[in-house]
Structures are given as structure tokens and as C-alpha cells.
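In: How does the following fold in three dimensions:
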Amino acid sequence: MSTSRLSVLLLFLTGLSLLSTVWCSPMCNNQCCRFVESFPGRLRRLREDYVQIRDFYEANDDLDTALLDQTIEDSFKTPFACHAMNSILDFYLATVLPAAIAGVPEDIKELKRFVESIQLIFHELKKDVTKCRNYFACQKQFDIIQLNTTYSQMENKGVYKAMGELDVLFNYIETYLASKRQRNLAVSL
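Out: Numbering: from 1, shown residues only. Just a heads-up that it's a prediction; the model follows:
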């Protein structure tokens, strides 16, 4: 094959590759779509920070009761999942993370920066979820009373349970937002 034909073929394949990228990626024409599409980066950071603190919280969690149980997971699979996510993020921001930050022992105070990073990402996530309520088309409120009650009954061990189950919460949020990404992809095709 001659050099000119090879160059034309390479140019054609490059163009085809660029077009397939455009055809296959969702077209985000608003801030909420961009939030959903960019969430995997935030999730990666949440998981990286959590790995740094997980052992401490799991070692101190001696409770058999799950805080983020099947009812919470099921709530993330319903039309009101964004309300569930918003309520649970609010619970972690107002109750769990401040207690976790205050309770980091002096001898391992380096853990505090990872908890603070999770807190910051949750704050940004809550702000975006609140801003994008209409985008998510939520239908009815989520009742967080049972989660608060269970947490309160755990007394001072509740923070260890809640922090030890962060990875479960990350999975629920990931599944929900991934379902919204698939919708974007279907709409853009």
C-alpha cells in the first residue's frame, strides 16, 4: 500500500474515531447533566479517602445492627431516590461527620483530614442534588426518622457504624447516579 493511501486511511480512521466518541458520549446541555456525568471523579476521591479511615472505624464498630440497611438501599431504587440521597447526606453532614471529626483520637489525628475531605465532597454533592431536584424528577419525600432513631439507639457507637458503612452509601449513590447517566446516554442517541 502506498504512503498516500496509508495516510488517507489513517486520517479516515482518526475522523471515524472522533465521530464515534461524539456519538457515544452523552450530550450534556445543562449543569445537572454535567454533575451526573462528572460524579465518577468525586466517587473515586470519596473511596480513596475512605480507604484511609475504614480500618479505624470498622475496628471500633462492635455493633451487629446495620445502619444503612435494605430499606435504605431500596429507597435508592425508587422515584424518590434523590430525596433519600439528600436526606442521608444531610444526616451525615449534620450528625455523623461532625461527630467523627470531633472523635478522632490525638494519636491518629491524620485521619481527620480524610474525614474532612469526605465532608466537603458530601457538602458539594448535597448542594448539587438540591439544585438538580427537577432534573431528577423526584416524586415524594424520603422519611429518615427510622435511620435517625437507629443511629441514636447506638449511642456513642453510632458514629463508628455510620462511618464504617460509608462504602455502602457510596455504592447506593453510585448506582442511583449511574442510572441517571444511562438515561442521558439514551436521550443523546
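In: who does the helix ranked longest in the chain touch, helix- and strand-wise?
Out: Under DSSP state H, the helix in the chain containing the largest number of residues is helix 31-59. With contacts taken as 3 or more C-beta pairs under 8 Å, 6 or more residues apart in numbering; DSSP states H and E, helix 31-59 sits against helix 111-131, helix 133-136, helix 158-164, helix 166-188. Heads up, the C-betas are built off the backbone N, CA and C, glycines and all.
In: quick check: angle from the first one to helix 31-59?
Out: In other words, helix 111-131. Taking axes from the mean of the first three to the mean of the last three C-alpha atoms, to 10 degrees, one finds helix 111-131 and helix 31-59 inclined to each other by 150 degrees.
In: picking that back up, tell me the mean pLDDT for the longest helix of the chain?
Out: Averaged across helix 31-59, the pLDDT comes to 92.
In: Who are the contact partners of the spatially closest residue to R181 that is not a sequence neighbour?
Out: For R181, ignoring the flanking residues on the chain, the nearest one in space by C-beta to C-beta, 6 or more residues apart in numbering is V36 at 5.6 Å. Going by C-beta atoms under 8 Å, 6 or more residues apart in numbering, V36 touches C132, L177, K180, R181, N184.
In: farthest pair in those?
Out: Every pair in these was compared (C-beta to C-beta); the two farthest apart turn out to be C132 and R181, at 13.3 Å.
In: neighbour-wise, which of the two wins?
Out: C132 (18 against 15; other C-beta atoms under 10 Å).
In: Alright, I will stop here.
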